[in-house]
Each structure stands twice: as C-alpha cells, then as structure tokens.
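Q: Everything below, folded, please.
(one chain, ligands or ions: 1)
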Amino acid sequence: MGYFSCNAESAIATCGSYDWELLTKKTRKKGHGKIPDKITEFDFSDLHAATNGFSSENLLGKGSHGSVYKAHLHQIKLVAAVKKTKQTHPGGGAADNEVEILSRIYHPRLVNLLGFAVDPNQRKLIVVEYMPNGTLYDLLHGSGKPPGWVKRTRFALQVAWAVQFLHSSNPPIIHRDIKSSNVLIDSDFNSRISDFGLALRGHVEDVRVKSTPPAGTLGYLDPGYLAPGDLSTKSDVFSFGILLLEIISGRNAIDMNYSPPSVVEWAVPAIKSGDFGGICDPRIGPPDDAEALRQMAVLAARCVRSTAEKRPGMAEVKECLKRVYKRMKKQSQMCISLGRRVGRVAEVSRVVKYEALDESVELVRNNTRTGSRRNGKVSSAAPADPTSDVIGDRVGRSKSIGTASEIKLQPPDLSNDHINRRRVGLNMRMTTVRLSKSRSMGILQGKRLVNNNGVGRNLMGTRKLEESKLLVDLGEYIMKEKE
Ligand SMILES: Nc1ncnc2c1ncn2[C@@H]1O[C@H](COP(=O)(O)OP(=O)(O)OP(=O)(O)O)[C@@H](O)[C@H]1O
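A: Residues are numbered from 1 along each chain as shown. Take a look at the predicted model:
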C-alpha cells in the first residue's frame, strides 16, 4: 500500500509502510489499546488538493479552534477529516496538543489520528478518521427522529468505555471537554470521542497539569475545577454525567427554555424524589424498563455530585451502563417478540365473551394456539396469575360483563417507529393489571392459562369468573415463558 505523501521526519511522524486500515482492523479485533507506531506527516499541498482547496463543499463544521474539512486521500484510498486551526501557536496550541496526545493512543471509540501537516504559515493541520454520521449533539437535538433508549444507552456506554480507556492510560489522559458535540458517530453508528485540543496527559501532580489553567465548556465544566490543582479524572466524570443527563432528557446542558436552565439543577431534584419519568426526553417518553431508567438516572446524579471524591470512577460508570444497556436491549427484543405475537393474535382474532360476577368483559382472543411455530408452545398472553395451572388445552369463552366495551388488540406496526414500540411497551408494563372494563386487556387461551380457583374454568363456561382473580400480566407472562 502506498502512502499519500511523506516529506519529513519529525519527532512523531515518520514515513514507512504503515497501514492504517490494517491497524484499525487489527486493533478492532483486539478491542482497544494498540498504540500506532507511526503517524504520517502529510504534504500540505496534497491535503489542499484532497479537500478541494479547503472549499466550502468540503467543510464539515466549525469549532472554536478552527474548521474541519472532508478530504479524499485518493492515493491511500481513504476519506479523512482535516482540522485546520485558526492561529499559529508557537508555544504549542490545541493542534499540537491534540497530535501529541492522539499519537500515543488508539481506541476504537476515539476519533483516531491519521497524521498531520504544516501549512506555509506554520499552522498545524490534523488528519483524523472521518465520521460520516455527525455528532451526538445533532442526533439528540436535531430535527430528525430522536434515538430510542437502546441507541441512547449504547452511545452512553461507548463514550464511558472511551473515557475509561483515557483515564486508565499511563499516564492518565484527562479530556476536559466531554460533551455531545465532541462525540462523533462513525459509519457503524458507534459513538467516538473527538477533539483532544484541551486534553491533558499526565498525573495530577505533574508540572504541566498543575500549571495549566482550567478550561472546558460551560454547562459541562466541573464546578469544583476552579484552579489547576483542582483537576482530576473526576472532572471528566462530571462532564460525562451532564452528557448522560442530556442523553436521558434530550435537553441541553444549559437551556433557557427550562426552569432552572441548568440540567443539573433541573434533573437532580427530580431524580432524588424518584421522578425518573419526569426527566425523560418527552419525544420518546420513559423506557419500558423502569429499573434500567432508575439505574441510569441515579448514575448520572452521582456523576454530577459537587464533591469530586464522591463521584464514581469511569470503570464503575462503564459497568453500570453495561448492565443498563443489556436490560434495555432485552426489553426491546421482548417488545419486538411480543409485537409479532400480538400481530399473530390479531390475524386470527375473534371476540369471545365470558362472565365474571355481575360485570362483563369482551375480549379479543386468538385461536387455540398462536405461539411460536418452531417450538410449538402456547405463547400468547394469559390471565396473569403466575400460579396458573393447566386444566385443559381448550380456549375458554369469556363473556362480557355488564356494559363492558370490546377490547381490541391491534397488531402494532413495528416497522413504523419508536412510538409503536412504546405502545407495545405500555401494554407490557401492565404488570398484574386487573382486567376491567375499559383499560385492561386479556387474551385467553388453553394450557397454562387457568388456575385452580376457577378463573380459567369460567372461561370454559362452567363457572363464574371472579373478576378480582382475573389478572392480566401480558409482559410478565411472556417474560416467564422466555426464561
Ligand atoms: N472526524 C470528523 N469527521 C467528521 N466531521 C467532523 C470530524 N471532526 C469534526 N467534525 C465536524 O466539525 C465540527 C467542528 O469540530 P471541532 O472539533 O472543531 O469543534 P467542536 O467540537 O464542534 O467545537 P469546539 O471546538 O468549540 O469544542 C464538528 O461539530 C463536526 O460536525
């Protein structure tokens, strides 16, 4: 594989048979942590050509330190992003800092360094991996479809993993500017941390760290970081906590449309009072797994504690988010599976009626067996008394009680969007909901659906149904069956 252009050797850059694509694949397989041994120094004129003369068509975005351009590096068949800084910093500005730090590390959840160039005015240009799917900020606050809970927790976990990698490097790297606009989304929709312009590498007692004035972004900045000596990895934990609150709520770190405008002052009291649903992005509502939401919200509140020592370390944050992500994923898979089943129920549904004391309920029921055709199990919803026994294989008839209206199950259109998934989820959250006229639903059928107390037998038309015993727990039933 040829190399784009190497015109000099520097302390960092050397020419040679360095293959970024190979390196990326290799390190991806390993997971993380392989340090690239060589960083390419590109010729400025080649970068100029690759960015179409730093044209506006190639402009990817602007930051406080400069502009970023898309570059087609044809010779090495690579699309990259070139960061062009505004000013020359003879003493070592953000660009030098970024090159110095990124040249020593590699991680699949970082926007990794490919090389650099120096322009005729001695300004340094940084060449990094190109991220085609914008920033996490755009995803959370843009006008497009907001990401659902599985994606949000996945993004959060990936950022936590990357920050933990930085903190566990030797010496540790403190990013100092963790925020949603510095989380870029790659071609596989993974989140990656970018922008190491403010990052510091070293132990807190090192001279460089001790003498660097505080910096960061308002809204994400640790309130306890007022002097160089206050800096520790826990400052990044604070910023990560703000990012997590942003991911949960969909609101900005500082947002004048809210009262109070600070996301910490707005969210933490709600979390402390147990109002986890109240801080969720209203566009998607709370997740179906209330416990996962609770864990994530409490974690965010711990990350933004004013006392740095009381904040968790990033390893703990990562582990907690891993559990949350697993739960969210499981819940989502269950919803999809339930949706399919409910879809099948509706296909063959017909109204059955049953009698319960002096009330009536009409239910839509499916045919005798609607479960997985593969395993032949009866797998639709049940009267959710978990102690239900088997008394037969036939589906009983339910009778309407009084003036009860017909409760129909519509097959959810899961292909549509998160809103439909949520509707399914809402049904699933009805753990041990009483079957009543207007709000509950039940799908009644054969095996496993009938208990000793006659609830099921009533469905066979032989006994009166005790309404108080007919509990519907669609989600729990399906969950049990899965186990
Ligand atoms: N590697 C990349 N691939 C694709 N687009 C990128 C890449 N790096 C940056 N961008 C785009 O360029 C924009 C500016 O990035 P930059 O890192 O300079 O600033 P920022 O982080 O948005 O702001 P600030 O520097 O003020 O913190 C980003 O918001 C993003 O849209």
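
Q: What parts of the stretch 1-150 of the chain come near the ligand?
A: Neighbours of the ligand within the stretch 1-150 of the chain, by CB under 6 Å from any ligand atom: 60-66, 68, 81, 83, 111, 128-131, 135. Bear in mind the C-beta positions are built from the backbone N, C-alpha and C, glycine included.

Q: counting contacts, what elements does the helix or strand hosting Arg302 pack onto?
A: According to DSSP states H and E, Arg302 maps onto helix 290-303. Using 3 or more CB pairs under 8 Å, 6 or more residues apart in numbering; DSSP states H and E as the contact test, the elements touching helix 290-303 are helix 149-167, helix 233-249, helix 263-272, helix 314-347.

Q: Apply 6 Å and report the result again.
A: helix 233-249, helix 263-272, helix 314-347 (3 or more CB pairs under 6 Å, 6 or more residues apart in numbering; DSSP states H and E).

Q: and which of the residues of the stretch 1-150 of the chain next to the ligand is nearest to Ser168?
A: Val111 (18.9 Å; CB to CB).

Q: remind me which residues of the stretch 1-150 of the chain are low pLDDT?
A: Within the stretch 1-150 of the chain, the segments meeting pLDDT under 70 span 1-37, 87-92.

Q: Ok, the stretch 201-350 of the chain next?
A: Of all residues in the stretch 201-350 of the chain, those with pLDDT under 70 make up the ranges 343-350.

Q: Count the residues that sit near the residue of it found nearest the ligand.
A: At 6.3 Å from the ligand, Thr217 is the closest residue in the stretch 201-350 of the chain, using CB to the nearest ligand atom. With neighbours defined by other CB atoms under 10 Å, the count for Thr217 comes to 18.

Q: swap in Leu136?
A: 27.

Q: ditto for Ala162
A: A count of nearby residues for Ala162, using other CB under 10 Å, gives 25.

Q: can you check Gly53 too?
A: Gly53 has 11 nearby residues by other CB under 10 Å.

Q: If any of the residues of the stretch 1-150 of the chain next to the ligand are buried, put those into a ChimeraX selection.
A: Typed into ChimeraX, the line below selects the buried ones among these, using 16 or more other CB atoms under 10 Å:
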select :60,63,65,66,68,81,83,111,128,129,130,131,135
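
Q: Now, the residues of the stretch 1-150 of the chain next to the ligand that are in helices?
A: Among these, no member falls in helices (DSSP state H).

Q: Just the ones in strands from the residues of the stretch 1-150 of the chain next to the ligand, please.
A: Using DSSP state E, the subset of those located in strands is 60-63, 66, 68, 81, 83, 128-129.

Q: Could you provide these in JSON lines, with additional columns for distance to Ser232?
A: JSON lines is the format used below for those (distance: CB to CB, whole Å):
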{"residue": "Leu60", "distance to Ser232": "33"}
{"residue": "Gly61", "distance to Ser232": "30"}
{"residue": "Lys62", "distance to Ser232": "31"}
{"residue": "Gly63", "distance to Ser232": "25"}
{"residue": "Gly66", "distance to Ser232": "29"}
{"residue": "Val68", "distance to Ser232": "30"}
{"residue": "Ala81", "distance to Ser232": "31"}
{"residue": "Lys83", "distance to Ser232": "28"}
{"residue": "Val128", "distance to Ser232": "27"}
{"residue": "Glu129", "distance to Ser232": "29"}
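
Q: Can you tell me which of the residues you listed is nearest Ala308?
A: Proximity of these to Ala308 (CB to CB) peaks at Gly63, which lies at 27.2 Å.

Q: give me the beta-bridge partners of that closest one?
A: On the basis of DSSP bridges, Gly63 is bridged to Gly66.

Q: sorry, back to before: farthest pair within the ones in strands among the residues of the stretch 1-150 of the chain next to the ligand?
A: Lys62 and Glu129 (19.0 Å).

Q: so how far does stretch 103-113 reach from one end to the other?
A: 6 Å (CA to CA, to the nearest Å).

Q: For it, buried residues please.
A: The neighbour-count check on stretch 103-113 (16+ other CB under 10 Å) flags 103, 105-113 as buried.

Q: rewinding a little: OK, contacts around the residue of the stretch 201-350 of the chain closest to the ligand?
A: Going by CB atoms under 6 Å, 6 or more residues apart in numbering, Thr217 touches 177, 179.

Q: Which of the helices or strands spans it?
A: According to DSSP H and E, Thr217 maps onto no helix or strand at all.

Q: and the gap between Leu200 and the ligand?
A: 16 Å (CB to the nearest ligand atom, to the nearest Å).

Q: follow-up on the earlier one: Provide the contact partners of the helix holding Arg302 at residue level.
A: Residues outside helix 290-303 that contact it (CB under 6 Å, 6+ apart): 237, 240-241, 244-245, 268, 271, 276, 286-287, 311-312, 320, 324, 327-328.

Q: The same query, at a cut-off of 7 Å, please.
A: Applying CB atoms under 7 Å, 6 or more residues apart in numbering, the contact partners of helix 290-303 are 153, 237-238, 240-241, 244-245, 248, 268, 271, 276, 279, 286-287, 311-312, 317, 320, 323-324, 327-328.

Q: Buried ones only from those residues, please, as a ChimeraX command.
A: Buried subset of the contacts of helix 290-303, written as a ChimeraX selection, criterion 16+ other CB under 10 Å:
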select :153,237,238,240,241,244,245,248,268,271,276,279,286,287,311,312,317,320,323,324,327,328
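
Q: Spatially nearest residue to Asp177, not counting backbone neighbours?
A: Leaving out its chain neighbours, the residue that sits closest to Asp177 by CB to CB, 6 or more residues apart in numbering is Leu198, at 4.7 Å.

Q: Could you look up the SS state of the one you found?
A: Three-state assignment for Leu198 (DSSP: H, G, I helix; E, B strand; the rest coil): coil.

Q: what number of residues lie near it?
A: Residues near Leu198, counting by other CB under 10 Å, number 19.

Q: just checking, it touches Ala215?
A: Yes. Contact between Leu198 and Ala215 holds when scored by CB atoms under 7 Å: they sit 5.0 Å apart.

Q: what do the two both touch?
A: Common contacts of Leu198 and Ala215, defined by CB under 7 Å, 6+ apart, comprise Arg176.

Q: gap between whatever residue of the chain ends up closest to the ligand and Leu198?
A: At 2.0 Å from the ligand, Gly63 is the closest residue in the chain, using CB to the nearest ligand atom. Distance, Gly63 to Leu198, using CB to CB, to the nearest Å: 11 Å.

Q: One more: Tyr225?
A: 12 Å.

Q: just Asn252 next, same as before
A: Using CB to CB, Asn252 is found at 20 Å from Leu198.

Q: Phe54 too?
A: From Phe54 to Leu198 the distance is 24 Å (CB to CB).

Q: try Ala71
A: Per CB to CB, Ala71 is found 24 Å from Leu198.

Q: what do you get for Leu157?
A: 24 Å.

Q: hmm, who's touching the helix or strand that contains Ala95?
A: Element membership for Ala95, per DSSP H and E: helix 94-102. Helix 94-102 is contacted from outside by 12, 65, 85, 89, 112-113, 116, 124, 126, 173, 196-199, 201, using CB under 7 Å, 6+ apart.
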